[in-house]
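Q: Predicted model and sequence below, questions to follow.
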Amino acid sequence: MLLPRALRKPRVATLVASVALATAAAFSSESCVVGDLGDANQGKAKSPLCNGTPSPGPSPLRRLTQTEYDNTVRDLLGDTTAPAKAFPPDQKIGAFSNTATALTVSPLLAQGYESAAESLAATAVANMKTLLPCNPTTAGEDACAQQFIATFGKKAFRRPLTDDEKSVLFGLYQTNKSGADFTNGIQAVLEAILQSGPFLYRPEYGDVTKANAGVVPLTSYEMASRLSYLLWGSMPDDELMAAADSDQLASTDQIAAEARRMIQDPKARPAIEQFYAEWLEVSTLDGVAKDPKTYPDFTPSLRTAMQEETREFVDWVMWQSDARLETLLTSPTTFVNGELAHAYGISGVSGSTFQQVSLDPTQRAGVLTEIAVMTALGKPDRSSPVLRGKFVREHMLCQTILPPPSNVVIVPPAVTPGVSTREAFSQHSTDPACKGCHSLMDPIGFGFENFDGIGEYRTSDQGIPVDATGNMTSSDINGPFNGAVDLAQKLATSGAASDCMATEWFRYAFGRGDTLDDACSLDTATKAFDTSNHDMRELLIALTQTDAFRYRVQVSQ
Amino acid sequence: MTMKRQASTITRRGLLGGGVAALAASALYPRVVTANNTPPKRLIVVFSANGTIYDHWAPSGSGTSFTLSPILAPLAPYQQKLLILDGINVQSASNGPGDDHMKGMGHMLTGIELLPGTTQGGAGTPAGFAGGISIDQRIVQDIGQTTRFPSLEFGVMVQNSDVWARMIYSGANQPLPPMEDPTKAFIRVFGNSNLSTAQAAILLKRRQSVLDSTQVSLGNLAKTVSSDDAQRVLQHQDSVRQIEKQLIAQTAACTAPTVGTIDVNNEANYPAVGKVQMDMLVAALACDQTRVASLQWSHSVSDIPMPWLNIGTGHHTLSHKDDTDTVSQDQLVQINTWYAQQFAYLLGKLDAVTETDGSTLLDNCLVLWINELAKGNIHSHKPLPVVIAGKCSGAVSTGKYNKLATSVPHNNLLVGIANAMDVNITTFGNPAYCTGAFSLA
């Protein structure tokens, strides 16, 4: 049964209660999944979710992620050293590394900010002529410092500085010029700006003069930052700041026009690729180890190459092909270097340069069968029907598989010569303690059995011919399927899968889970996604048109 | 990351680059003493994952008359400096959100439920990070103010940054990440600069004034955002306060360890990274850069294979194997024995440092080796394999295998550890799981 979109349970908000319910019940397949089940088309009732009163949902304070920090200092200072690579990794909640409430600042990170600020400032003041908007010799050192604080500060804070902020920074300049020199004063100002609240965070207060029932529209400066961090993972450019200066980022049309310009800019590519790398769990490959005896091909260079392949493919879908979800899910096109071509069993490609190839369409289709994805969803010494089935349920259909009770003894079968993975995991279909939930995962995951733990194609497993038949249930694409290519084709027709794409992008865009208050925003986005024939660039534009993007709840302390 | 770094004597000039103002040059370990002229107590927490194999872990015998098990055999040289606890129960882990690895990891040092959240584990309800401060950081509140670093967290290929990978917390939802790259850790702790005295003075003044202005800026931000957001900004301010303290002068001087060329992204270097991290940890204590430190091997649910032991299957995968699978059980014994060898290496380094009164650094340490689970394949939390090493300046009675007749909630142990470190608390974590102090005396 599928509820109208308005009534469906947002995953995050209701999961705890649902788990409690499921635990009380027997573990039948219906009781261990949360999310949309059944025919998604039934849900397209387009009920009047948007009632004219903006409903933005929560707007937690966003801190720059590691990637955003590196991109921002690149655009602010022209520094491409990516100093945030040295920071401790951003705390992760769920698949995405940009969840606002998880991004706290530990002493180690504060130390990282200090070291990065010092090294960035030292580089910047070594080329004072480029850095300063004035000549300290002719304009006077102090006057030039004041000018620098105002102009550089505005770029760094992504809004004009207050008089208080200017005077604190000028005082800092004077303190550090004294006993040293002008350069040391400027260096201090730079270091302070790079460690300040308005630089490291994206505070938003909205235009309080337009408050209505506790909801405020964002100011044009705040909107400029929302757009630039969504689409570029970086600070606004001059054009965006000029639009903000003249308050031209208020209407949906103005916002859409900027978003359309920005999505064509090369800076959009890595920002958008990062979403896909996290959504597909390819970003987790950095920490993945495989058994060198089982998988001697799995070298650090192959690991790097497979991550690059995902980037190149996403890039091609989004900007060279048609940007459609169906293409992402089914295209046999990909990009390989010599080592990766070997892993795919393609001849004629050698060296480290990536080139476009067409994979055997009977074996491979889109992201799901990519070597990177299959490796991330594999064990060190075997494939994993469970991880793969769970991934399809959770990331492709936005269902959550509820866990077994913690007193269940979980014994994954050993890798045994002469016993295929499929056979080894068949216990799940007979053991009553397992089969309820595993019947939702394993029959999907078995469809990927042509891919071993590092995504290489195989027709036999432990000497047994591979059986890659699968079965999909509790979805709008129910029924048997034969292999991952068949499954990918089915997912490409699934309304639940396209709705899920919109939901996952929503969560990533806002750095939080979706809530009941987001019903109108999600509806706006999914309708536009449907109307555009599942063009993912259009989905991103649509996200900028939502209440969640344009408004916030007024800050109360 | 590859970088060659030689052993060097820490000098005033050298350390300034890392943020310390004044150190006298000396090639010797320092004579570290407290106000009453005795060596200070230090706390070290060591973590390894996925539980143990009890029958091969538990010593035979009891009390002061016991024989070390196969897994703990590498600790034989230090048997008289060990207190092995058999019967500690992480009772809190029967409660609250999270799967058993998440709970084990997050409760282990905090004794309190995880926060509700959105990270879905292999079982249980979704969780956030830990719901309270960890015991080492509680101890830091009392004894961490006199050293340059209140505490130092070292990690060995922790790699992840989620609730499974964090054990140290400065408060609820405030995980402290470990330093994973030995080269960066070296620079942070032992400095990396060659500045003249005049240049150093200018740098120090600039750092102090910049951090002052950072505090003003964060303070203004905290005042204008919602109270939920302000919590995170206030924590950021606390973190900045800590690095401000690192600018304060210390008087000790000592020898920095050697950090060789290590690629921290290559799992084959797991043992090598671990060794150099332990070297730095010991030097940081010997140099009195901190008195509280931790070493985290990988993370809970660690699936690292150990090809140097000829074990290709990941540790976590093995830990799920049935008790009757003798090959896997044997490999798990080998893995846990390997961790014991690493622990022995750490104890050896600590025992090789002589303090002012002729005791060794180990004698003045409380080294706690702990795990997020008791038994991997059933995800149990009792009896937690707990090994304590070092007499903690006489506060811990060692040379003992304490096989407890009835299990003790681990919150009690955390209180006992705090008391041994002269932190006088009577309860810790969620008081519902704490029935008093478990004395280590």
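A: Everything's here; your move.

Q: all helices for the stretch 101-250 of chain B, in order.
A: Secondary structure of the stretch 101-250 of chain B, counting by DSSP state H, counting those that start in this stretch: helices at B:135-143, B:182-190, B:197-224, B:227-245.

Q: how about the second one: buried residues?
A: Neighbour-count burial for helix B:182-190, counted by 16 or more other Cβ atoms under 10 Å in any protein chain shown, picks out B:182-190. No exception for glycine: its C-beta is placed from N, CA and C like everyone else's.

Q: quick one: secondary structure of the residue lying farthest from the centre of chain A?
A: No residue in chain A has its C-alpha farther from the mean C-alpha position than A:T138, which lies at 48.4 Å (Cα atoms, centre = their mean). State at A:T138, reduced to three classes by DSSP: H, G, I helix; E, B strand; the rest coil: helix.

Q: from the buried residues of helix B:182-190, which are also near chain A?
A: Cross-checking the buried residues of helix B:182-190 against chain A (Cβ under 8 Å from any Cβ of the partner chain) gives B:184, B:188 as the overlapping residues.

Q: Redo the helices of the stretch 101-250 of chain B as a markdown table? Include mean pLDDT and distance to A:P432.
A: Written out in a markdown table, the entries for the helices of the stretch 101-250 of chain B read as follows (pLDDT from 0 to 100; distance: least, Cβ to Cβ, whole Å):
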| stretch | mean pLDDT | distance to A:P432 |
| --- | --- | --- |
| helix B:135-143 | 95 | 42 |
| helix B:182-190 | 83 | 50 |
| helix B:197-224 | 91 | 54 |
| helix B:227-245 | 92 | 44 |
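
Q: Tell me the gap between stretch A:472-483 and the middle of its chain.
A: For stretch A:472-483, the separation from the chain centroid amounts to 27 Å (computed by Cα atoms, centre = their mean, to the nearest Å).

Q: Any idea how far apart the tips of that stretch sit?
A: Using Cα to Cα, to the nearest Å, one end of stretch A:472-483 lies 12 Å from the other.

Q: Quick check: buried residues in it?
A: For stretch A:472-483, the neighbour count (16+ other Cβ under 10 Å) marks A:472, A:474-477, A:481, A:483 as buried.

Q: Now, these that are in helices?
A: Assignment to helices by DSSP state H places the following of the buried residues of stretch A:472-483 there: A:G483.

Q: Which of the buried residues of stretch A:472-483 sits closest to chain B?
A: Within the buried residues of stretch A:472-483, proximity to chain B (Cβ to the nearest Cβ) peaks at A:S474, which comes in at 17.8 Å.

Q: my read: the closest one touches A:Q399, true?
A: Yes: using Cβ atoms under 8 Å, A:S474 is in contact with A:Q399, at 7.4 Å.

Q: At which residues are the strands of the stretch 301-450 of chain A located?
A: Remark: strands of the stretch 301-450 of chain A, listed N- to C-terminal, are A:333-336, A:355-358, A:400-401; assignment by DSSP state E, counting those that start in this stretch.

Q: Residues of the stretch 101-250 of chain A that sit close to chain B?
A: Where proximity means Cβ under 8 Å from any Cβ, the interface of the stretch 101-250 of chain A facing chain B comprises A:101-111, A:114, A:117, A:164-165, A:168-169, A:172, A:175-176, A:179-180, A:184, A:187-188, A:191-192, A:195-198, A:201, A:203, A:205.

Q: change it to 6 Å
A: Selection of the stretch 101-250 of chain A residues close to chain B by Cβ under 6 Å from any Cβ of the partner chain yields A:104-108, A:110-111, A:114, A:168, A:172, A:175-176, A:180, A:188, A:191-192, A:195-197.

Q: Quick check: buried residues in the biggest strand by length in chain B?
A: Among the segments of chain B that qualify as a strand by DSSP state E, the longest is strand B:400-409. The neighbour-count check on strand B:400-409 (16+ other Cβ under 10 Å) flags B:400-403, B:408-409 as buried.

Q: And the residues you listed, which is closest to chain A?
A: Sorting the buried residues of strand B:400-409 by how near they are to chain A, with Cβ to the nearest Cβ, puts B:P409 at the top with 18.4 Å.

Q: isn't A:L249 right next to A:E222, touching?
A: No: between A:L249 and A:E222 there is no contact, the gap being 8.7 Å when judged by Cβ atoms under 6 Å.

Q: Which one of the residues in the stretch 251-400 of chain B is closest to chain A?
A: Closest point on the stretch 251-400 of chain B to chain A, by Cβ to the nearest Cβ, is B:G312, at 3.4 Å.

Q: does that residue really touch A:D291, like I thought?
A: Yes: contact criterion Cβ under 6 Å: B:G312 and A:D291 qualify, at 3.4 Å.

Q: Overlap of the contact sets of the two?
A: Taking Cβ atoms under 6 Å, 6 or more residues apart in numbering or on different chains as the criterion, B:G312 and A:D291 both touch A:381, B:305.

Q: And what about B:F66, helix, strand or coil?
A: Reducing the assignment to helix, strand or coil with three-state DSSP, the entry for B:F66 is strand.

Q: and the gap between it and chain A?
A: Here B:F66 is placed at a distance of 31 Å from chain A (Cβ to the nearest Cβ, to the nearest Å).

Q: what sits against the closest residue in space to that residue that isn't next to it in sequence?
A: Spatially, and ignoring its direct neighbours in sequence, B:F66 is nearest to B:Y401 (3.8 Å; Cβ to Cβ, 6 or more residues apart in numbering or on different chains). In this structure, B:Y401 makes contact with B:59, B:62, B:66, B:84, judged by Cβ under 6 Å, 6+ apart.

Q: Which pLDDT value belongs to B:P77?
A: According to the model's per-residue confidence, B:P77 sits at a pLDDT of 97.

Q: how many neighbours does it have?
A: Residues within reach of B:P77, counting by other Cβ atoms under 10 Å in any protein chain shown, total 11.
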